[in-house]
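In: can't give you the sequence, but here's the structure:
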Ligand SMILES: C[S@@+](CC[C@H](N)C(=O)[O-])C[C@H]1O[C@@H](n2cnc3c(N)ncnc32)[C@H](O)[C@@H]1O
C-alpha cells in the first residue's frame, strides 16, 4: 500500500498522472473492456464486487496469454503479480508514470501493483488494495482497518440509489476514494467530500484531480462535522461493521445506533429544506423487535422530525438472511467477515445476541416541514 507521504506527493502533482488515465482508456481499461477480455458471463460491475474470486479464476489464463489490458488488470484490479516480460510490454509512458509515483513494485521476476485502479462510468478511482493474490490459490486479505476501499458493493448500491442531483450542493460523508462526490459532481453546483481518514482525504483529492473535477476534500467526522453551510444532497456510505469478536452487540455503537446518532445530531444542521440525505448501512435486527424501519425509528430521538424511506436490500454480500442464521451456514463470500475463517464466530455472535437477520438498508431522509 502507498504511504501517506507517497499519496501526498501524488496529490501535489496529480496533473502529471493524468496521462496515465488517458493511457488506461486507450488500452481499454474499463469495466466493459475487462469483462470482455475475461469473457465474463456476469455483468461488468461484478468486477468490482467479486474481484478476489475473478482474480483466483482468471489470473493464470491472463499470465498464459499476456496482453497490455490483461497485464494492467492483473496489476491494478486483480492484484496479482505479473511476469516482468509482460510488464515490459506496457507502453513506456505507462511504466514511466507507474515507477515515478510508486504505483508498482518491481523485483527480479515480477511487477506488482501497489494501488487499485477502478473504472466506473468513465471515471477512474485510485484506492488501496483489499487483497493480494499470491498465486496457487492463496488470496491474502489486507488489513482493512486503515485502508481506503476501492469502489465496491456498498458504493455501487448507494450510488445507484442516489436521486440524480439537479444542480444543488452535494456533501459526501465518509468519502473514501471519493466515488459518490466524483460520480455526481457534473450535476452539482458545488461538492464537498469529508472523511475521518487522512488517506481517504488525499485519495479523494487525487481522484477529483485525475477526473478533472473540482471537489473540496477535507478531514471531518460525521458526528461533529459542520462548516456553517447546508447541503441540498448528502450521501453517506456509513462504514459501521459488526464487531462480531465482541461478546455482545454494544447497543450504543451498533450500526443502527450510529446511523441514528448521525441523523439525530447532524441532519437538521447540514441538510437544506427540501434536500435529501441518502445513506447505506447494515442493520442487525434483533428477534421480535419489529421491522427495520421500526427498529431505526425507535433509535431516533424524535423520528417525526424526518420523512424516512427505508429500502431493505435482501441480496448481495452484506445480507445474512434468517434462514442462513437458522441453518448456521453463511452465504459464500460474506462481506461481514474480516477473514473467511471467522464464519463460526460471526454465527455464534448473531445467535448469542438473538439477531435474526443482518439487513443492508438504503435510507432516504428529508426534513419534515
Ligand atoms: C464504507 S467506506 C465508504 C467509501 C465511499 N464513500 C464509498 O461509497 O465507497 C466508509 C468511509 O467512512 C469513513 N469513516 C469512518 N468513520 C467516519 C466518521 N466518523 N466520519 C467520517 N468518515 C468516517 C472511513 O474512513 C471510510 O473511508
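Out: Perfect, thanks for sending it. Remember, it's a predicted structure, so these values are computed and weren't measured experimentally.
In: check which helix or strand covers residue 357.
Out: Assignment of secondary structure by DSSP states H and E places residue 357 within strand 355-367.
In: check the offset of that strand from the chain's centre.
Out: Relative to its chain's centre, strand 355-367 lies at 18 Å (Cα atoms, centre = their mean, to the nearest Å).
In: same deal with stretch 333-350?
Out: Offset of stretch 333-350 from its chain centre (Cα atoms, centre = their mean): 19 Å.
In: residues from the stretch 101-250 of the chain in reach of the ligand?
Out: Within the stretch 101-250 of the chain, the residues that sit near the ligand (Cβ under 6 Å from any ligand atom) are 148-149, 151, 154-155, 158, 173-176, 179-180, 195-197, 200, 221-223, 237, 239. Yep, even glycine has a C-beta here, placed from its N, CA and C like the rest.
In: selection in PyMOL covering whichever of the residues you listed are buried, please.
Out: Selection command for PyMOL covering only the buried members of these, criterion 16 or more other Cβ atoms under 10 Å:
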select buried, resi 148+149+151+154+155+158+173+174+175+176+179+180+195+197+200+222+237+239
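In: now do the strand holding residue 357, average pLDDT.
Out: For strand 355-367, the per-residue pLDDT values average out at 97.
In: same deal with stretch 292-308?
Out: When pLDDT is averaged along stretch 292-308, the result is 95.
In: now the end-to-end length of it.
Out: From its first residue to its last, stretch 292-308 covers 12 Å (Cα to Cα, to the nearest Å).
In: and the contacts of that stretch?
Out: Residues outside stretch 292-308 that contact it (Cβ atoms under 8 Å, 6 or more residues apart in numbering) are 256-257, 259-260, 263-264, 267-268, 283, 285-286, 289-290, 310, 312, 359, 361, 363-368.
In: strands of this structure, start to end?
Out: Listed in chain order, the strands found in the chain under DSSP state E are 82-83, 104-106, 110-113, 116-120, 123-127, 131-133, 139-141, 169-173, 190-195, 216-219, 231-237, 271-286, 306-312, 355-367.
In: without its sequence neighbours, what residue ends up closest to residue 59?
Out: Once flanking residues are discounted, residue 59 sits nearest to residue 80: 4.2 Å by Cβ to Cβ, 6 or more residues apart in numbering.
In: and the gap between that neighbour and residue 234?
Out: 38 Å (Cβ to Cβ, to the nearest Å).
In: quick revisit: mean pLDDT lowest for which of the strands of the chain?
Out: Here these differ in mean pLDDT, and the lowest is strand 139-141 at a mean of 86.
In: mind listing what's buried in stretch 134-148?
Out: By neighbour count, with 16+ other Cβ under 10 Å as the criterion, the buried positions of stretch 134-148 are 139, 147, 148.
In: okay, the angle between the strand holding residue 357 and strand 306-312?
Out: 140 degrees (axes from the mean of the first three to the mean of the last three Cα atoms, to 10 degrees).
In: what are the bridge partners for the residue in the stretch 251-369 of the chain that the ligand sits nearest to, then?
Out: Residue nearest to the ligand within the stretch 251-369 of the chain (Cβ to the nearest ligand atom): residue 280, separated by 7.4 Å. When bridges are called by DSSP bridges, residue 280 pairs up with residue 237, residue 362.
In: the one 5 residues further on too?
Out: Following DSSP bridges, residue 285 is listed with bridge partners residue 357.
In: what sits closest to the residue of the stretch 1-150 of the chain found nearest the ligand if chain neighbours are left out?
Out: Closest to the ligand within the stretch 1-150 of the chain is residue 149: 5.3 Å, counting by Cβ to the nearest ligand atom. Beyond its immediate neighbours in the sequence, the residue positioned closest to residue 149 (Cβ to Cβ, 6+ apart) is residue 176, lying 5.5 Å away.
In: confidence score at that neighbour?
Out: Confidence per residue is given as pLDDT, and for residue 176 that number is 98.
In: now residue 227
Out: According to the prediction, residue 227 has pLDDT 97.
In: can you give me the distance of the residue lying closest to it once chain neighbours are set aside to residue 219?
Out: The spatially closest residue to residue 227, leaving aside those adjacent along the chain, is residue 192, at 7.5 Å (Cβ to Cβ, 6+ apart). For residue 192, the distance to residue 219 equals 12 Å [Cβ to Cβ].
In: compare these two (neighbour count), which wins?
Out: residue 192 (22 against 13; other Cβ atoms under 10 Å).
In: now do the top helix by length along the chain: distance to the chain's middle.
Out: Under DSSP state H, the helix in the chain containing the largest number of residues is helix 255-270. In terms of Cα atoms, centre = their mean, the centre of helix 255-270 is found 21 Å from the chain centre.
In: got it, and stretch 33-44?
Out: 21 Å.
In: ends of that stretch, how far apart?
Out: End-to-end distance of stretch 33-44 (Cα to Cα): 9 Å.
In: what does it contact?
Out: With Cβ under 8 Å, 6+ apart as the contact definition, stretch 33-44 has outside contacts at 28, 31-32, 46-47, 50, 54, 58, 62, 67, 69-70, 73, 77.
In: compare those residues and tell me which is most surrounded.
Out: Looking at the contacts of stretch 33-44 with neighbours defined as other Cβ under 10 Å, the largest count falls to residue 73 at 29 neighbours.
In: is it true that that residue touches residue 27?
Out: No - with contact defined as Cβ atoms under 8 Å, residue 73 and residue 27 do not form a contacting pair (9.6 Å).
In: thinking again about what came up before, contacting residues around the residue of the stretch 1-150 of the chain closest to the ligand?
Out: With contacts defined as Cβ under 8 Å, 6+ apart, residue 149 is in contact with 127, 128, 130, 155, 176, 177.
In: name the nearest residue to residue 256, ignoring sequence neighbours.
Out: residue 283 (4.7 Å).
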